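S.K.: A structural model of the following input is requested.
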Amino acid sequence: MVCIRQATIDDLLAMQACNLLCLPENYQMKYYFYHILSWPQLLYVAEDYNKKIVGYVLAKMEEESTECHGHITSLAVLRTHRKLGLATKLMTAAQKAMEDVFGAEYVSLHVRKSNRAAFNLYTQTLGYKIHDIEAKYYADGEDAYDMRKQLKGKPEGAGSAGGAKHHHHHHHHGGACCSGGGDAKGGGKGTGEAGAAAAGGGK
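M.R.: Residues are numbered from 1 along each chain as shown. Down below sits the predicted model:
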């Protein structure tokens with residue numbers, strides 16, 4: 001049984017280890033700290049019954065642009081735990097917090113053009129659309145799809161959070177696990193594979 005919960009500072013080393021195993025886009029520990037100190041509501045981990053971190057999502061808000069929006073810095077699930085819908089659950093949790101806590105109008109991410117599993121997850125299961133293509137975005141020269149998903153935005157309208165009054169406290173209860181029912185909407189194709197939406201460091 002794998003549960004999805006909000007990450008804590010104690011999870012950061014395990015998140016970094018998962019990143020190193022899964023993705024070529026890697027970050028210094030201070031970048032993980034920057035995320036959790038700035039946007040603690042937006043980091044989630046998938047934890048198995050042995051308390052091992054088997055996946056994570058690292059996300060942030062882009063507040064300086066005209067439209068308040070969230071950005072998925074990095075998403076990964078260990079190869080041993082793919083096809084369980086964990087990537088979908090991690091992404092959904094981060095997206096919901098962006099909307100409920102910060103009133104994000106949309107979410108952005110980058111994905112390698114060659115990463116079909118991740119591309120299918122984002123487009124077929126999670127409803128992202130290609131916004132642009134960024135040439136030679138990755139260190140090895142590969143292009144990235146710049147993808148976006150529209151959210152409802154604006155915390156006042158976030159009925160799903162149990163009313164706007166509470167939205168700032170909605171995601172602070174770090175210990176609770178979400179139920180692990182198999183809600184992998186996309187069938188077998190685009191569900192627990194979690195490739196990269198790894199942004200170039202610090203962008």
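
S.K.: which other helices and strands contact the helix of greatest length in the chain?
M.R.: Using DSSP state H to define each element, the chain has its longest helix at helix 86-102. Applying 3 or more CB pairs under 8 Å, 6 or more residues apart in numbering; DSSP states H and E, we find helix 86-102 packed against strand 3-6, strand 44-47, strand 53-62, strand 69-77, strand 106-112. Bear in mind the C-beta positions are built from the backbone N, C-alpha and C, glycine included.

S.K.: I'd like the distance between Tyr49 and Asp146.
M.R.: 37 Å (CB to CB, to the nearest Å).

S.K.: neighbour-wise, which of these two wins?
M.R.: More crowded of Tyr49 and Asp146, by other CB atoms under 10 Å: Asp146, with 15 against 8.

S.K.: Please tell me I have it right and Leu21 contacts His81.
M.R.: No. Leu21 is not in contact with His81 according to CB atoms under 8 Å; the separation is 11.4 Å.

S.K.: quick one: which of these two has more around it?
M.R.: Remark: of Leu21 and His81, His81 carries more neighbours, 18 against 10, as counted by other CB under 10 Å.

S.K.: That one touches Glu47, doesn't it?
M.R.: No. Taking contacts as CB under 8 Å, His81 lies outside contact range of Glu47: 10.4 Å.

S.K.: any residues in contact with both of these two?
M.R.: Jointly contacting His81 and Glu47 under the rule CB atoms under 8 Å, 6 or more residues apart in numbering are 2, 54.

S.K.: Look up the closest residue to Ile130, ignoring the ones flanking it.
M.R.: Tyr145 (5.1 Å; CB to CB, 6 or more residues apart in numbering).

S.K.: Now name the helix or strand holding that neighbour.
M.R.: strand 144-150 (DSSP states H and E).

S.K.: That strand vs strand 69-77, what angle?
M.R.: Orientation check (axes from the mean of the first three to the mean of the last three CA atoms, to 10 degrees): strand 144-150 against strand 69-77 gives 120 degrees.

S.K.: Note down every partner strand of strand 144-150 and its orientation.
M.R.: Neighbouring strands of strand 144-150 in its sheet, by DSSP bridges, are strand 106-112 (antiparallel), strand 129-134 (antiparallel).

S.K.: Brilliant, that's me finished.
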